[in-house]
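**Q** prediction below, plus the sequence it came from.
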Amino acid sequence: MAPRRGTTRRRFLKSTGLALAGLGLPRAIGAATADLKLKKPIKIGCQTILSGPLGGYGEFMRKGATLAMEEINAQGGIGGSPIEISFRDEELKVDVGVKNARYFVEDWGADFLIGIDSSAVALAVGEIMPSLNRILIVTHGATEKYNEDLVFKRHVRQCFRVCVPVYQDGIASALVAKDLPVKRWATISPDYEYGHTSWRMFRAYLKRFKPDVEFVGESFAKFGTVDFSSHISKVMGLSPEGIFSTEWGGEAVTMVKQAKLFKVFEQTKAFMIGMGAAMDVLQGLGADYPDGVWASGRYYFGYPDSAENKRFNEAFRKRWDTYPSYPSETAYTAVQALKKAVEKARSVETEKVIEALEGLELDRPAGKCVIRKEDHQAVYAVPWGQIRHDPKFPMPTLTNLKVFTTDEYYRKPPFAPVEG
Amino acid sequence: MLFQGLVGLSEAMYLWLVAAGLSLIFGVMRVLNFAHGSLYMLGAYFAWVAFRVSGSFWVALLAGPLVVAAVGWAMEFGFLRRVYSAPEAFQLLLTFAFVLILDDAVKLVFGPVYQSPPTPAALSGAVLIGHSVLPTYHLFILGVGALVGLGLWVFLEKTSFGLVIRATAADREMARALGVRASRLFTWVFILGAWLAGLGGALSMPVRAISPGMGELIIIEAFVVVVLGGLGSLRGAFVGSLLIGLLHAYGLLFMPVFELALGYMAMALVLIVRPWGLFGIREG
Amino acid sequence: MRARLAAGAVLAVVVLLVPAIAGPFLRYLVLNMLLLALLALSFNLLFGMTGLLSFGQGAFYAGGAYSAALLLRAGVPLLWSILLGALAAAALAAVLGAFCVRHTRIYFSMLTLAFGMLVYAVVWKWTAVTGGDDGLIGIPRARIGLPGPLDFSLDSPARYYLFAAVLVLLSMAVLHRLSASPLGLALRAIRENAERAEFSGVPVRRTIYIAFVTAGLFAGLSGALLAPLEQTVSPSTAHWTKSAEPVMATLIGGPLSFLGPILGAVVYLGLKEIIVRFTEYWLLVFGLVLLAMVLVFRGGLVGAASRLRMPRRRT
C-alpha cells in the first residue's frame, strides 16, 4: 500500500502496522491523512425515511452513515477534520424534504447533504441545490430523471448519486428474463412513477432480446397497499408464466406472503422482484421466501467477493449486530466518497469538490465504481440472483448470481426517451 | 369473474371489523374515533407478541384483541370521558393525539422496521374454485367476518344490553330518563369497539407485514365505509364494507386508473343522493 | 377597535422586519408560518365562524399551487400567476361547494375529506398535466409583472419573502374586515342556530356557499404562494394530512378569535421544528402536547381564559 499524498512516513508506517497487526481498529480506505487545515468539524446533513411503514430503510441508512463517520473519525477525520452527521426524517414528503435541506444548510451549517429515499423528494431537493450551493449525494432515490434530466440535461451540477437507479430494476432484469423459459409476463408493481417506469423499461428492453414475448397483464397497487389479494387474483386470471414486481419494503413482504397463499409460485415459472434482496425483505420473509425467486437490490452483501466487502460486512455486523442492507452500503459509500473528494480537492468548497467527485473512482463494498462526469451517476454492477435457504445464514440468501457489465445495462448520454 | 368478487369480499372483512367498532362507538357516544385504526395496529402487534410467546396462532388470536380491549378501556376511562361535554372537534383532536402517540410508542417498543410473522402452516392451504385458487385463510376470514356480523346482530337485537345500546343510540335523553347509566355504557361500548378493531388487527397479522403507521391506512377507509353506510348504523357499516371491497376488486378489473379514487367517489356519490348515507338516520 | 388596529399594525411590522433581523432559515420558517396561518384562517372562516369543519382545504391549496405553477411554467408573470391561481382554486370551490353546502356537520366534513382525496387522486394520476407523483419541478420565480419600473425580480429569497408577506398580510386584513361585516355576522348566526337564522331572513345555504368559496379562494392563494417558494409542487399538497394542518393549528390557537389560527400556525410549526431537533420521536411529543391542549386548554391558547361558546352537540 503506497503512502498517500500528504501523509507523513511515520503515520503511514504506524497505521499500516496497526492494520497488519489486526488490532481491530477500523481500517479506512487508505491511511490516515495529514491535517489539511480545513474547517472543523465538517458537517454532513443526511435525511431519510425514519417513520411509518418504510421507516426501516432510514434505520439501515443511518447505521451505514454512522459506521463511515466513526471509521473516518478514528483515522483523524477528513483531512484532519472530524466529521459530524445529523439525521432528519424526510417523511417521503417533498415539503419536508426541502425544509430539511434548508435547515441543514442555512441553520445547522452543513457542508454536504446526503440521503433521500423518495424519488420525488430527490428531484425537489436537487432543484434547490444551486441556490443553496451545496453538494447533494442521493443514496436511495432511483428515478432516472435525477441523473438524466436534472444533471445531464439541465446542468444542475451539485447533484450526485451513488446508488444504482431504476436501470437495475428495468434493464438488468430484462437481461435475466431473456434467458428464462417465460413467454407471458405480467406485473404487480407500485402505482407511482417508479413502478410504471421500471415496467416500461423491462418491456422495452426484453422485447428487443425476445420479440415473441407477451405482456399479458398489469396491476399497479397504490402506495400503502396492505392487501394485494385483488391484484393477485386479477393478474393470475390472465394466466401469466412470469411475474415482475418492483414492490419494496414491507409491501414486498406482504405481496410475497399473499402470493404464496394464492399458490402463485406453483403456477408460474418465474417471479422477479427488483428490490427483493434488500436485507429487510430477506429477514422479513425468512422461511416464507420461496426458493428460486429472482431478486436484486442496490447492493447485495454477498457480492462481490472482495476484501473491501468482507471488511465492511465484518465491521458492520460487529457494530450493529445485523447484516448490512443496501441503504447502509450506499450511505457508507457517500460519506467515503466525500472524504476522498475533499482530500483530493484539499478543500470543502462546493465547486472544487464537484470537480473532484467527477470521474472519481471508488473501491466500495459493492465493488469498483466510477462516478460518471456527464451525469454524476455512480456506475457499478449489482447482481440478480435466486433465493435459496442456506443453513449457514439466519436469513435467505441469493444463489446463481448473474452479474452484467455496467455497459450492458446502464443507460448512457444522450439518453434517448424510453419506448412504450 | 365472480372469483374476483369473492376475493374482494374477503378483503372487506378486515375493514368490516374496524368499521363495526367505529360505527358502534359513534352510534352510542357520538364520537368519531380517529384512533380506531391505531387500535387495529395494536391488535396486530399484540397478537404477534402472543404468537411469539405461545407459538400458537389461536392463542394469539384470543389474547391480542383482549389486550387491545384493555387499552380501549384505558383510553375511554382515562381520557375520552373528560371531553364528552366538549365540542366534537376537540374529541376528534383527542383521538388524533392518540394516533400520534401510539404510532411512535409502537416504534419505540418494536422498532421502526416492519415485522412479518410467519404464516401458520395450518392456514396456508388453498382450495380450487373453478379454475382459480383461493387461499384457505381468505375463507377463514370470510367466516369470521360473517360470524361477527351475526354475533353483533344477535347481541343487539336479542339481548337486553343490546337493547340498551340501541335505545341510547336512538335517543340519549330518553334513555337517560329511563335510567340508563350513560358513563358505564360508554365504557363498555368503547371496549367492545376496541376489541373488534383488535380482532381485525390480530387476524391480519399472519398475512400482512405489520408496521408503525398501519393504522392510518385503514382508518380513512373505515371512515369512508361508515359514512357511506350511514353513521351509527351497523348494518350500514357491513353493507358499506362489502361495497367498498367489491368496488375495489372489480374496479381493478375494469377501471384500474381510478383505484385511488374509487372509495371516495362512491362515498361522494352516495352522499349526494342520500345525504345521511345508505342506512343513516336523518339527524335533527 | 383601536387596540385591534394597533395589534394588527404591530404584527405587520414584525413580519416585514424579519428578513432584516433573522437568518435565512428562520425567514423561511416564518414564511411557512404565514402561509399556514392564511390556510388556517381560510379554514376557520368555515369552522370558527360557521361551525363547519372542513377536512378538505388541501383540495384548494393544491388547486392554487398547481394552477400557479402551470401558469408560471407557461411564462405568465408572477403576480398574475398567483392571483389567477387563487381564482382557479375559488372556481374549484364554487363547483365542489355546490355539493358540500347541502350537508352539515360530520357529513359535511366527510364530503370535504372525500373531495380533497379525489383532487389528490387526480393530481397523482394525471401525470401529463400535474407531473404525477413526481410533481412539477423547475417552477420559475418570474418577474413580478407590474408595469414599467415596478417590474421587480423576486429571485432573492428576501424579496420573495416580502412579496409573499405583503400578500398574506393584505389577505388577513380582508378576512378580518369580512369577519366584522354583515356576512360575518350572518355566518355566526348560522353557527349558533341555523334554523333561527333562516327565520330571521338569512339565506343560509347561499351564505354558507359564499363562505365556502371565499375559504377556497384564500386557501388557493396560500397554495399559489407556495409554488414559487420551493419551485416545486407535489401531490401531498392535496392529501388529507395537509388538510389536517389548518385544523390542528386552529384548534391549538383557538377557533373563536381571529388571532387564534394565526397563533396556532406559529405554535404548530415552531413546536414541530423545535421538537425535531431533540428527538426523532416528534409524533409522540406532539401527540402529548395536543393531549395536554385538549384536556387543559379547551379554548385553545387564545380562548383559554374564556368559556367556550361553541354549539352543544345535539344529543
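**A** That came through, no problem.

**Q** remind me, longest helix of chain B?
**A** Ranked by residue count and defined by DSSP state H, the top helix of chain B is helix B:2-29.

**Q** which ones are touching C:Gly63?
**A** C:Gly63 makes contact with C:85, C:88-89, C:92, C:119, C:216, C:220, C:223 under the criterion C-beta atoms under 8 Å, 6 or more residues apart in numbering or on different chains. Quick note: C-beta positions are derived from backbone N, CA and C, even for glycine.

**Q** let's see it at 10 Å
**A** With contacts taken as C-beta atoms under 10 Å, 6 or more residues apart in numbering or on different chains, C:Gly63 has the following neighbours: C:85-86, C:88-93, C:96, C:119, C:123, C:216, C:219-220, C:223-224, C:237-238.

**Q** pLDDT averaged over the lengthiest helix in chain C, what's the number?
**A** For chain C, the longest helix by residue count, based on DSSP H, is helix C:204-230. Averaged over helix C:204-230, pLDDT sits at 94.

**Q** how far off centre is the longest helix of chain B?
**A** Distance of helix B:2-29 from the chain centroid (C-alpha atoms, centre = their mean, to the nearest Å) equals 6 Å.

**Q** now the helices for the stretch 151-284 of chain B?
**A** In the stretch 151-284 of chain B, helices defined by DSSP state H, counting those that start in this stretch lie at B:160-170, B:172-177, B:182-204, B:214-229, B:234-254, B:262-273, listed in chain order.

**Q** in the third one, what counts as buried?
**A** Going by neighbour count (16 or more other C-beta atoms under 10 Å in any protein chain shown), the buried part of helix B:182-204 is B:182, B:185-187, B:189-204.

**Q** ok, now the first one?
**A** Burial within helix B:160-170, assessed by neighbour count using 16+ other C-beta under 10 Å, is assigned to B:164-165, B:167-169.

**Q** report the central residue of chain C.
**A** C:Leu39 (0.5 Å; C-alpha atoms, centre = their mean).

**Q** pretty sure it sits against C:Met248.
**A** No: with contacts counted by C-beta atoms under 10 Å, C:Leu39 stays clear of C:Met248, the gap being 11.4 Å.

**Q** quickly list what's touching both of the two.
**A** Here C:Leu39 and C:Met248 share the contacting residues C:Ala265, scored by C-beta under 10 Å, 6+ apart.

**Q** show me what from the stretch 201-315 of chain C comes close to chain A.
**A** Contact residues (C-beta under 10 Å from any C-beta of the partner chain) of the stretch 201-315 of chain C with chain A: C:226, C:229-237, C:239, C:241-242, C:269, C:272-273, C:276-277, C:280-283.

**Q** pull the CA atoms of stretch B:271-284 into CSV?
**A** Only the C-alpha atoms of stretch B:271-284 are listed here, as CSV (Å, rounded to 0.1, in the frame of the first residue of the first chain):
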residue,chain,number,x,y,z
LEU,B,271,-73.9,11.3,0.0
ILE,B,272,-75.2,13.4,-2.9
VAL,B,273,-78.1,11.0,-3.5
ARG,B,274,-78.7,10.1,0.1
PRO,B,275,-77.3,12.8,2.4
TRP,B,276,-77.4,10.6,5.5
GLY,B,277,-75.6,7.6,4.0
LEU,B,278,-77.3,4.4,2.9
PHE,B,279,-78.9,3.5,6.2
GLY,B,280,-78.2,6.6,8.2
ILE,B,281,-80.7,8.2,10.5
ARG,B,282,-81.9,11.6,9.5
GLU,B,283,-80.5,13.9,12.1
GLY,B,284,-82.3,16.8,13.7
